[in-house]
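S.K.: Sequence first, predicted coordinates after that:
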Amino acid sequence: MTTIQNLIADERWLSFRLGAQMYAAPLTQVSEVIRDGELTPVPGAADDLLGIRHLRGRIVPVLDGRQRLGLPGENEGDPADVRLVMLSYGPHLVGLRVDAVGDIVTPGKAGITPPPPGGADRKDDPVHGVMPWQGGFVALLDVRQLCRLPLESEAA
């Protein structure tokens, strides 16, 4: 098991659903989960940027989790389950719109495998690894790559 997989295995993760797939972000990088709300569009922004919103005095960009991860279609579940998972990396705060929030998961060292073939070839692939979960699997995400943020040393 690689060093990164050892780090992943020891963390607790917040799971969330996008389409039929479960994903998870490290709980240490989840600042909060809030209801979806009014966003201000940003002209000329990337396709996966839904807009920005004010959150306690900060302007926070909000990404469409489905588009960012290359998933098709609209939320097929209950629109009342849609949430914004506020992710933090260094001084950055980015919202990610998800179809529903799940459970807290702890992978453990035995359950983590490398990402499936295909995605690993992408330089910006945010999937660290996968773990079995409730008859399927949960894809474990790298928040920095998911949100396209610079390394902390580059952020200053």
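M.R.: Perfect, I can see it now.

S.K.: Which helix or strand lies directly C-terminal to the strand or helix carrying S15?
M.R.: In the assignment (DSSP states H and E), S15 maps to strand 13-18. For strand 13-18, the following helix or strand on the C-terminal side (DSSP H and E) is strand 21-26.

S.K.: Give the other helices and strands that whichever helix or strand comes after that following strand contacts.
M.R.: Counting by DSSP H and E, the next helix or strand C-terminal to strand 21-26 is strand 30-35. Secondary structure elements in contact with strand 30-35, counted by 3 or more CB pairs under 8 Å, 6 or more residues apart in numbering; DSSP states H and E, are strand 83-89. Every C-beta, even on glycine, is put in place using the N, C-alpha and C of the backbone.

S.K.: Could you point out the helix or strand that follows the strand it packs on?
M.R.: Past strand 83-89, the next helix or strand by DSSP H and E is strand 92-98.

S.K.: close enough to count as contact, G111 and F137?
M.R.: No: G111 lies out of contact with F137 (CB atoms under 8 Å); the separation is 9.3 Å.

S.K.: Now the common contact residues for those two.
M.R.: Residues touching both G111 and F137 (CB atoms under 8 Å, 6 or more residues apart in numbering): M131.

S.K.: Which other helices and strands does the strand holding S15 contact?
M.R.: strand 21-26, helix 65-68, strand 83-89, strand 92-98, strand 100-105, strand 136-141.

S.K.: Grab the CA positions of that strand and hand them over as PDB.
M.R.: Extracted C-alpha coordinates of strand 13-18, given in PDB (Å, rounded to 0.1, in the frame of the first residue of the first chain):
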ATOM      1  CA  TRP A  13     -14.600  10.700   5.100                       C
ATOM      2  CA  LEU A  14     -18.000  12.300   4.300                       C
ATOM      3  CA  SER A  15     -19.700  10.400   1.600                       C
ATOM      4  CA  PHE A  16     -22.200  12.000  -0.900                       C
ATOM      5  CA  ARG A  17     -24.000  10.800  -3.900                       C
ATOM      6  CA  LEU A  18     -23.700  12.100  -7.500                       C
END
